[in-house]
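>>> Just need the structure, nothing else, for what follows:
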Amino acid sequence: MEFFRIRKDIPFMRHALLLNAFSFITFLAAIFFIWQKGLHLSIEFTGGTVMEITYPQTAPLDSIRDQIAKIGYTDTQVQNFGSSRDVMIRLPLQRDQTGQVIPSAQQSTAVMQVLEANNSGAKLQRVEYVGPQVGKELAIDGIKALIFVVIGIMIYLAFRFEWKFAVAGILANLHDVVIILGFFAFFQWEFSLSVLAAVLAVLGYSVNESVVIFDRIRESFRRQRKMSPREIIDNAITSTISRTVITHGSTEMMVVAMLIFGGPSLFYFALALTIGILFGIYSSVFVAAAIAMWLGIKREDLIKADRKPNENNRPDDPNFGAQV
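From the prediction side, this is the model:
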């Protein structure tokens, strides 16, 4: 299905050098902010206190956040689980004026005092302390997952297409991941497990767009024998624009809905997806395809040379064209 069809190829690769320079600068800027500021890790990575509270009626999540913030507990996660009356509160590690970590029991007691003071009927069901060691293990497992995804994508692209496409595709995908992390480092948005899941989802989503363009480039090499590689890439990208608008437009509508109406528990997850989708479109066209062009992709890389027929065989011979 197509919303529209562009008859004349758009010369995307004419501006590839300028846009790749922009990508390189933003990539370096993202790395700088990650190194300089670091990621604002959530309780899953740093450790903290997890509280489960139940209410006799629907829990007022916004009011709970405001009440907890008034006693100095910032960056607190408050969300429903199981039902609208059950609330999970995640409190990050807090330190007193001497630099000592405030015990988990003291944190939970302070939170329950402020909640009970409002006669809300809140009842504490469970308190659990998540230590920094657990957070460290989660961080290591997250990095391992990211590495395995990257390796898997490279192997897939190398077998599906050619090593030049594999290098181009993975560089474009890493570009998207680093840009997302750069945004979270610069603005000090909370980086949680849900955001990590969004980053991994963006990797798969972005490589899908690259595969569509790479596949169209291969088809164009087969059909268009007189076009140069630059013209082939422009033709492939132009012919997939309608598909890109449909796919990414419909996906982004759902992500924006989560961003606006999903509440605080889904906000950063949807925000990471939004950044990843937008930069994924950009990187698939102006990073992946351009890098493949710079690496010298050509028809012979994607299409095996046709075998010449055996001159000793006749056309009506069943073995005509067979190799000796």
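
>>> Return the residues in contact with Val87.
Neighbouring residues of Val87 by Cβ atoms under 8 Å, 6 or more residues apart in numbering: Glu52, Ile53, Thr54, Tyr55, Ala59, Leu61, Ile64, Val78, Gln79, Asn80, Phe81, Ala122. Yep, even glycine has a C-beta here, placed from its N, CA and C like the rest.

>>> tell me the pLDDT at it?
Val87 is assigned a predicted lDDT (pLDDT) of 89.

>>> quick revisit: quick check: of the contacts of Val87, which lies closest to Ser284?
Taking Cβ to Cβ as the measure, Ser284 lies nearest Gln79 of those, at 33.7 Å.

>>> which SS class is that closest one?
Assigned with DSSP: H, G, I helix; E, B strand; the rest coil, Gln79 falls in the strand class.

>>> what does Gln125 give?
For Gln125, the secondary-structure state derived from three-state DSSP is strand.

>>> next one: Tyr73
With three-state DSSP as the basis, the three-state label of Tyr73 is coil.

>>> nearest spatial neighbour of it, skipping sequence neighbours?
The spatial neighbour of Tyr73 that comes closest, neighbours along the chain excluded (Cβ to Cβ, 6 or more residues apart in numbering), is Leu91 at 5.7 Å.

>>> Mind listing the residues bridging to the one you found?
Beta-bridge partners for Leu91, by DSSP bridges, are Thr49.

>>> how many other residues sit next to it?
Residues contacting Leu91 under the criterion other Cβ atoms under 10 Å number 26.

>>> where does it land on pLDDT?
Among the per-residue scores, Leu91 holds a pLDDT of 85.

>>> mind listing what Gly182 touches?
Gly182 makes contacts with Thr26, Ala29, Ala30, Ile31, Phe33, Ile34, as judged by Cβ under 8 Å, 6+ apart.

>>> if we go to 7 Å?
For Gly182, the residues meeting the contact criterion (Cβ atoms under 7 Å, 6 or more residues apart in numbering) are Ala29, Ala30, Phe33, Ile34.

>>> and the last one, that's in a helix?
Right, Ile34. Yes - if the criterion is three-state DSSP, then Ile34 is within a helix.

>>> Skipping adjacent residues, who's closest to it in space?
Ala185 (4.6 Å).

>>> Pro56 in helix, strand or coil?
Remark: Pro56 carries the secondary structure label coil [criterion: three-state DSSP].

>>> Tell me the secondary structure at the spatially closest residue to it that is not a sequence neighbour.
If the residues on either side of it in the chain are set aside, Pro56 comes closest to Gly121, at 4.5 Å by Cβ to Cβ, 6+ apart. Assigned state for Gly121: coil (three-state reduction, three-state DSSP).

>>> Ok, Gly152 next?
Recorded secondary structure, Gly152: helix (three-state DSSP).

>>> can you count the residues close to it?
A count of nearby residues for Gly152, using other Cβ under 10 Å, gives 13.

>>> Tell me which helix or strand comes right after the host helix or strand of Leu271.
Leu271 belongs to helix 264-283 when assigned by DSSP states H and E. Scanning forward in sequence from helix 264-283 by DSSP H and E, the next helix or strand is helix 289-294.

>>> Sounds good, over and out.
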